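S.K.: please work out how this folds:
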Amino acid sequence: MQFAEPLLPATLLRRYKRFLADVVMADGTETTVHCANPGAMLGVAPENAPCWVSDSKSKTRKLPLSLEVVECPSPPGDTCLVGINTHHPNRLAAEAIELGLVDGVDPAAPLEREVRYGEERSRIDLLQRGPRDLFIEVKNCHLLRRDDGVSEFPDCVTARGLKHLRELVRMVEEGHQALLLFVVQRADATAVTSAADLDPAYAEGLTWAEKNGVLMRAVRCTVTPEAITPDKPLPVHT
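M.R.: Numbering: from 1, shown residues only. Below you'll find the predicted structure:
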C-alpha cells in the first residue's frame, strides 16, 4: 500500500480525545492532526516520538493532516515504525490475500467489501463467494509489550470485537466458512495472541470461536514513510 503522497516528518507531542493528536512539524510549527484510531493506542503513542503524517490537501477538512506512522519502542530496547491508521487494514488484508500470504483464502478469487450479514446486522470486512462463502473479519493489531515479539489484541475492551466473533461462529454453524485476520502494522512481531489482561471476555471469545470452526490467521507488515507492505504470515495463539 503506497501512500498517495510522501508522508511528512513530525514529532508526536500527545494523542487525546481518541481522534486528535498534537505534533510539531519539521519547521517547528505545532499543529493538531486527525488520528484515525479509536483504540487505546497502548504503547504506540509515546510522547516526543518521531512520527509521520499525511496531507489530504483538502480545503474543507477541519484537520487536513492525519497521523499515519509512529516510531515506537520495540522490546527489548529497539524501536520500530508502526502504522496506527485503522482505515488501512482492510486494504492491507486484501493485498495480503492477493499475495498468497493468507492460508485458506484463494488469492485469485474476487473479494466483496463491507457486506451486511448476520443476526446483529454487522458488516463483514471481506467476503469471498463460493460453494461455501468465506466471511473474513479484519482486525488491526499493533500492541507489542513482550520481549518475544508476540503482538496482542485488543489494546482495550472491545464489545464490538466480541460481537464479530459471535457472528463468525454463526456463519460456520450455517455451513459457511469464517476467518479472523489480524493485520499487524509493525515488522517486529513474531506472532499474535489475545491481550487477556486487557479484555478477558475477548480472550475467552477468541478461544471459543476457534474451537467452533473460525479460522485464525495473521499477517505482518513492514512500515516505512513511503508504504505499508504485507510481507509475512504469523501464527495466532488463542
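
S.K.: the spatially most central residue of the chain sits in which helix or strand?
M.R.: Nearest to the geometric centre of the chain sits residue 140, at 1.5 Å (Cα atoms, centre = their mean). For residue 140, the host element (DSSP states H and E) is strand 134-141.

S.K.: show me the shaky parts of this protein.
M.R.: In the predicted model of the chain, no residue satisfies pLDDT under 70.

S.K.: ranges for the helices of it?
M.R.: In the chain, the helices defined using DSSP state H lie at 89-98, 159-173, 200-211.

S.K.: got the contact list for residue 21?
M.R.: 12, 13, 14, 15, 32, 33, 34, 35, 45, 67 (Cβ atoms under 8 Å, 6 or more residues apart in numbering). (Each C-beta comes from the backbone N, C-alpha and C, glycine too.)

S.K.: wait, I meant residue 30
M.R.: 13, 22, 23, 24.

S.K.: farthest pair within those?
M.R.: 22 and 24 (8.0 Å; Cβ to Cβ).

S.K.: between these two, what contacts are shared?
M.R.: Here residue 22 and residue 24 have 13, 30, 31 as joint contacts, going by Cβ under 8 Å, 6+ apart.

S.K.: what's the burial count for the first one?
M.R.: Spelled out, it's residue 13. Counted with other Cβ atoms under 10 Å, the neighbours of residue 13 add up to 17.

S.K.: the last one too?
M.R.: When counting by other Cβ under 10 Å, one arrives at 15 neighbours for residue 31.

S.K.: cool, residue 17 as well?
M.R.: A count of nearby residues for residue 17, using other Cβ under 10 Å, gives 7.

S.K.: and it, what are its phi and psi?
M.R.: phi 50, psi 30 (degrees, to the nearest 10).

S.K.: next, format the contacts of residue 30 as CSV and append distance to residue 52.
M.R.: Formatted as CSV, the contacts of residue 30 follow (distance: Cβ to Cβ, whole Å):
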residue, distance to residue 52
13, 14
22, 15
23, 10
24, 13
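
S.K.: report the buried members of those residues.
M.R.: Neighbour-count burial (16 or more other Cβ atoms under 10 Å) applied to the contacts of residue 30 gives 13, 22, 23.
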